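Peer 1: Just a sequence and a predicted model for now, questions to come.
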Amino acid sequence: MKKKEVVIYTDGACSGNPGPGGYAAILRYGDYEKEISGGEEQTTNQRMELQAAIAALEKLKYPCRVKLYSDSAYLVNAFRRGWLQKWRQNGWLNSKKETVQNRDLWEKLLALAEKHEIEWLKVKGHAGDELNIRCDELARRAIPGK
């Protein structure tokens with residue numbers, strides 16, 4: 001059976017880093033579009049970037065072909081440059097032999113990513129991409145206390 005093709009845009013935002021943060025994602029399948037968002041009282045921007053991708057992938061009920069767009073080099077490069085595989089092989093230590101930050105979210109994201117065929121695409125933030133701008137607005141609105 002042919003896998004459904006889904007386009008996902010994600011973004012995270014933080015008011016202070018660390019501080020209260022929000023995340024958002026927009027999922028598109030054909031003419032169908034869904035916006036999701038959430039927030040945490042105490043977090044970091046990087047955690048919100050990862051949480052946005054996790055929340056979006058959790059919405060997919062079946063294995064899909066996904067184009068996931070993010071303005072987070074941290075998120076995109078971890079997959080595209082093989083950082084995650086190296087971290088796992090090295091017992092979740094980075095190239096400096098330091099513990100990888102956000103391991104809990106990386107492990108959750110890896111488990112979700114293994115269910116799908118995902119193309120991780122970097123989009124330049126705040127550069128006129130309509131869905132990236134919308135995602136940023138949703139993430140900022142989701143910051144607790146905003």
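Peer 2: Nice, I can see it.

Peer 1: contacts and neighbour counts: CA atoms only from here.
Peer 2: Noted.

Peer 1: ok, then the element right after the lowest-mean-pLDDT helix or strand in the chain?
Peer 2: Ranking every helix and strand in the chain by mean pLDDT, DSSP states H and E puts helix 83-89 at the bottom, with a mean of 93. Downstream of helix 83-89, the next assigned helix or strand under DSSP states H and E is helix 103-113.

Peer 1: Give me the distance between Y32 and S70.
Peer 2: From Y32 across to S70, the span is 20 Å (CA to CA, to the nearest Å).

Peer 1: Could you list the alpha-carbon positions for stretch 124-134 in PDB?
Peer 2: C-alpha atoms of stretch 124-134 as PDB (Å, rounded to 0.1, in the frame of the first residue of the first chain):
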ATOM      1  CA  LYS A 124      15.100  29.900   7.000                       C
ATOM      2  CA  GLY A 125      13.200  31.400   9.900                       C
ATOM      3  CA  HIS A 126      11.400  34.700   9.500                       C
ATOM      4  CA  ALA A 127      12.200  34.800   5.800                       C
ATOM      5  CA  GLY A 128       8.700  35.000   4.300                       C
ATOM      6  CA  ASP A 129       7.700  31.300   4.300                       C
ATOM      7  CA  GLU A 130       4.000  31.500   5.000                       C
ATOM      8  CA  LEU A 131       3.700  28.200   7.000                       C
ATOM      9  CA  ASN A 132       6.900  28.900   9.000                       C
ATOM     10  CA  ILE A 133       5.600  32.400   9.900                       C
ATOM     11  CA  ARG A 134       2.200  30.900  10.900                       C
END
